[in-house]
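Novice: Let's see this in three dimensions:
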Amino acid sequence: MIKVFIDGQAGTTGLQIKDKLLRHPFVELIEIDNDKRKDENERQKLMNSADVVFLCLPDAAAIEAVKLVTNSDTVIIDASTAHRTNEEWTYGFPELSDKQFEKIKSSKRIANPGCHASGFVSIVYPLVNSGVMPADYPVTAFSITGYSGGGNKMIGEYENPDREEEIGTPRQYGLSQMHKHLPEMKKVCGLTSEPIFMPVVSDYYCGMAVSVPVFTKMLNKKLTLKEVYDLLDEFYKDSKFINVSYAPESGFLSPLGHEGTNKMTIYVNGNDDRIVLTSVFDNLGKGASSAAVENMNIAMGFEETTAL
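Specialist: Numbering: from 1, shown residues only. Alright, predicted model coming up:
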């Protein structure tokens with residue numbers, strides 16, 4: 001049995017992590033009294049008494065929270081953007097390789113991936129790592145997400161009965177090409193430049209589809225649709241959460257289907273000249289809370305599917 005503390009337990013990700021930990025057979029959850037949530041001394045005491053601390057905080061607050069942990073045995077899993085490109089932290093996407101899995105297993109500082117970035121990395125990393133996609137490929141990505149990805153404030157805006165009419169339509173954002181996930185997309189995938197990224201938020205609660213188009217003539221080696229499928233299928237053959245599929249028979253691809261789970265499906269669509277690769281998952285699941293619990297399971301030596 002391990003002791004776990006969530007710093008920022010009232011936020012969307014914190015609540016989702018808590019829900020999963022309450023059904024985890026090997027976790028004792030340490031909770032802070034509501035009136036002491038901003039009491040630094042109380043937080044510090046609870047953090048240092050825990051085997052695992054989840055940080056579900058804004059970036060600046062997460063950086064300050066790390067300084068409170070003086071117990072060298074405490075594992076910190078940070079759900080914010082703050083440490084995802086920090087060389088002293090381990091990027092928490094274990095499916096990248098057996099080596100990445102082992103790094104997470106032995107790490108005390110784990111940076112949980114961003115939601116959009118998880119879908120992007122799941123597609124682009126295998127292509128670049130295999131040498132098929134050149135590191136300087138001009139990558140573009142389109143992503144659609146449910147409004148829960150915006151946290152409590154955005155959830156309130158979308159669920160307000162008196163909301164503005166435009167909120168009911170799909171809305172593109174990150175228009176300045178400065179989205180907070182871009183640095184990790186570039187670094188983790190080994191790209192020489194950041195992709196053009198087009199995220200869209202739409203009027204449904206959760207679920208995400210991240211699409212990356214590929215011109216096969218621009219690859220280091222021109223592959224057929226089946227060869228790209230086989231490459232990804234082989235890459236994820238041992239994964240307990242990620243699988244590869246061709247386009248749905250309906251001809252429509254929805255961001256829904258994996259809500260409340262840690263599952264991810266990569267769809268291979270198109271033809272031998274133009275391929276669209278789409279990763280579908282729950283932005284609150286494999287894109288946030290479930291991924292964090294998966295990382296905890298690995299770091300603590302539990303079966304990675306426990307409570308997931």
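
Novice: nearest residue to residue 57 other than its sequence neighbours?
Specialist: Of all residues not flanking residue 57 in the chain, residue 8 sits nearest, at 4.4 Å (Cβ to Cβ, 6 or more residues apart in numbering). Heads up, the C-betas are built off the backbone N, CA and C, glycines and all.

Novice: sec struct for residue 148, please.
Specialist: helix (DSSP: H, G, I helix; E, B strand; the rest coil).

Novice: can you pull out the strands in the chain?
Specialist: Counting by DSSP state E, the segments of the chain that form strands are 2-7, 27-30, 52-55, 75-78, 90-91, 109-111, 140-146, 171-172, 196-202, 208-215, 242-246, 264-270, 274-281.

Novice: wait, residue 5 sits on residue 54?
Specialist: Yes - between residue 5 and residue 54 there is a contact under Cβ atoms under 8 Å: 7.4 Å.

Novice: These two: which is more packed in?
Specialist: Set residue 5 next to residue 54 and count neighbours by other Cβ atoms under 10 Å: residue 54 wins out with 29 against 23.

Novice: Look up how far residue 27 lies from the closest residue to the more buried one other than its chain neighbours.
Specialist: Spatial nearest neighbour of residue 54, chain neighbours left out: residue 6 (4.7 Å); criterion: Cβ to Cβ, 6+ apart. As judged by Cβ to Cβ, to the nearest Å, residue 6 and residue 27 stand 11 Å apart.

Novice: Report the set of residues contacting both of those two.
Specialist: residue 21 (Cβ atoms under 8 Å, 6 or more residues apart in numbering).

Novice: The two: which has the busier surroundings?
Specialist: Between residue 6 and residue 27, counted using other Cβ under 10 Å, the more crowded position is residue 6 (27 against 23).

Novice: returning to what we had before: my read is that the residue nearest to residue 54 contacts residue 17, right?
Specialist: Yes - using Cβ under 8 Å, residue 6 makes contact with residue 17 at a distance of 5.8 Å.

Novice: buried sites along the longest helix seen in the chain?
Specialist: Counting by DSSP state H, the longest helix found in the chain is helix 115-129. Going by neighbour count (16 or more other Cβ atoms under 10 Å), the buried part of helix 115-129 is 115-128.

Novice: Look at the residue lying closest to residue 16 once chain neighbours are set aside and report its pLDDT.
Specialist: Counting by Cβ to Cβ, 6+ apart, residue 16 lies nearest to residue 289, which is 3.4 Å off, once chain neighbours are set aside. Per-residue confidence (pLDDT) for residue 289: 97.

Novice: do the one 5 residues further on as well
Specialist: The predicted structure scores residue 294 at 98 on the pLDDT scale.

Novice: now it: how far from residue 104?
Specialist: Counting by Cβ to Cβ, the gap from residue 294 to residue 104 is 9 Å.

Novice: Same question for residue 226.
Specialist: Applying Cβ to Cβ to residue 226 and residue 104 gives a distance of 32 Å.

Novice: If you count surrounding residues, which of these two has more?
Specialist: When neighbours are counted by other Cβ under 10 Å, residue 104 comes out ahead of the other of residue 226 and residue 104, with 24 against 12.
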